[in-house]
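A.B. asks: Everything below, folded, please.
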Amino acid sequence: MVDKYLTEGKKSVIRFRIPGKKVEFEDLIRGKIEIDASLMGDIVIAKDLFTPLYNFACVVDDYEMKISHVIRGEDHISNTPKQILLQEALGLANKLKYAHLPLILGPDRTKLSKRHGATSVSEYKRQGYLPETLINFIAFLGWNPGTEREIYSMASLSKEFALERIQKGGAIFNIKRLDFLNGFYVRQKSIEKLTELCLPYLIEIGLIFPEFKETQYPPAYGAREIVQKYKIAESGEEISLDFLQKIVSIYQERLKKLSEISELTDFFFKAQLKYDKSLLRWGEMSDKEIRHSLDKSEKILSKIKDEDWTKESLEALLSPEAEKFGQSLGKAGPPASLREALRAGDRGYLLWPLRVALTGKEASAGPFEIAEILGRENVLKRIREAKRIIKEQ
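C.D. replies: Next up is the predicted model:
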């Protein structure tokens, strides 16, 4: 029949006749594995004389490349006996060691896929996950060091990692764990290095652009020399690298991934903020109380000189005033309700409207750190703008 098909020129494949025997091999993770080859059926090893398929090609390649260990997913266990039989048929000494890793699973314990958000390493890099994060995270997918230690350097992993400690069950891909690890490594960076890593995201979204000399390149393209001067895209105002480092420093503790820096800090680079007046409200403050709060902040801050405009001095002056302001709201006559009683001593009635006026955001770094970086003129300007929003909306 084969000769007849070949004579007629019909399309055909090349099969390997599987011998009726049992194949045994020692898996470094799972121990001894035995498979009855007679249940496989003859396998296709090539589409034609010029197109080999996986099982045949990898056997030859492993031999030619002098591979010692074949480490792959557990979904390849069924291929291993086929390859061992091919090695025997070709007269290749089978000295390979096999280790079949557990599959990475999604939170629902099914095989990880795009449905779970699985993506390429380059995409994780684009999102702002650091190399050391991905290495540490992936190492722990199915591996147990036998200790309570959770953070490993590359050198430590090279020393401690052992195939024998890999678990047999599937490993869950936990994105919260990945974010936790990345936040840890972000906090270990120097401000200089972290700013260098964050700059491409601020440039890409169009918040700033670098002013670089002929010998310099924008950080987004792997600068050989870090650009020292930048401009705010919206206003054209020149800013320094030192200014950007101050911004990054107050968000270092909050960053889970580098790409978040743009959304967290965009208000520093905008001439006018857009937000609903309800965001200025702390608790159940009335519009009148919000205006009173902003008036109070403006009055206090306008008296501070530029040379005294530091986070420490701002905090030293505003904190006690915030306490008094909260108490004054609560003590304006006998408390008529639980709401009024709860206001006593609450610093939020002064500091929340101030912080929102400076950022336009529900959550941000503290008002003292932000005010120091923005500077006296910009702070007072934003407070006045917040009062206008309260009035017009």
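A.B. asks: Output the lowest mean pLDDT helix or strand found in this structure.
C.D. replies: Lowest on mean pLDDT, DSSP states H and E among the helices and strands of the chain sits helix 338-343, with a mean of 44.
A.B. asks: Can you identify the element that follows that one toward the C-terminus?
C.D. replies: Where DSSP states H and E defines the elements, the next helix or strand beyond helix 338-343 is helix 348-359.
A.B. asks: buried sites along that next one?
C.D. replies: 348, 349, 350, 351, 352, 353, 354, 355, 356, 357, 358, 359 (16 or more other Cβ atoms under 10 Å). C-beta coordinates here come from the backbone N, C-alpha and C atoms, glycine included.
A.B. asks: Could I have the CA atoms of whichever helix in the chain runs longest written out in PDB?
C.D. replies: As assigned by DSSP state H, the longest helix anywhere in the chain is helix 311-330. Output of helix 311-330 as PDB, limited to C-alpha atoms (Å, rounded to 0.1, in the frame of the first residue of the first chain):
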ATOM      1  CA  LYS A 311       7.800  70.700  54.000                       C
ATOM      2  CA  GLU A 312       8.900  70.900  57.600                       C
ATOM      3  CA  SER A 313       7.900  74.500  58.100                       C
ATOM      4  CA  LEU A 314       4.600  74.000  56.200                       C
ATOM      5  CA  GLU A 315       3.700  71.100  58.400                       C
ATOM      6  CA  ALA A 316       4.800  72.800  61.600                       C
ATOM      7  CA  LEU A 317       2.500  75.800  60.800                       C
ATOM      8  CA  LEU A 318      -0.500  74.100  59.200                       C
ATOM      9  CA  SER A 319      -0.900  71.000  61.500                       C
ATOM     10  CA  PRO A 320      -1.800  72.900  64.700                       C
ATOM     11  CA  GLU A 321      -4.000  75.300  62.700                       C
ATOM     12  CA  ALA A 322      -5.800  72.300  61.200                       C
ATOM     13  CA  GLU A 323      -6.400  71.000  64.700                       C
ATOM     14  CA  LYS A 324      -7.800  74.400  65.800                       C
ATOM     15  CA  PHE A 325      -9.900  74.600  62.700                       C
ATOM     16  CA  GLY A 326     -11.500  71.200  63.200                       C
ATOM     17  CA  GLN A 327     -12.300  72.100  66.800                       C
ATOM     18  CA  SER A 328     -13.800  75.500  65.800                       C
ATOM     19  CA  LEU A 329     -16.200  73.800  63.500                       C
ATOM     20  CA  GLY A 330     -17.200  71.300  66.200                       C
END
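A.B. asks: so it versus helix 348-359, what angle?
C.D. replies: Interaxial angle, helix 311-330 versus helix 348-359 (axes from the mean of the first three to the mean of the last three Cα atoms, to 10 degrees): 130 degrees.
A.B. asks: mind listing what's buried in helix 311-330?
C.D. replies: Using 16+ other Cβ under 10 Å as the test for burial, helix 311-330 gives 311, 314, 315, 317, 318, 321, 322, 323, 325, 326, 329, 330.
A.B. asks: Excluding chain neighbours, what is closest to the third one?
C.D. replies: By that I understand residue 315. Once flanking residues are discounted, residue 315 sits nearest to residue 368: 4.4 Å by Cβ to Cβ, 6 or more residues apart in numbering.
A.B. asks: Sketch out the low-pLDDT regions of the stretch 101-250 of the chain for me.
C.D. replies: Within the stretch 101-250 of the chain, the ranges that satisfy pLDDT under 70 run 116-118, 212-226.
A.B. asks: which residues does the residue nearest to residue 249 when sequence neighbours are not counted contact?
C.D. replies: What sits nearest to residue 249 in space, not counting adjacent residues and going by Cβ to Cβ, 6+ apart, is residue 191, at 4.9 Å. Residue 191 makes contact with 245, 248, 249, 252, according to Cβ atoms under 8 Å, 6 or more residues apart in numbering.
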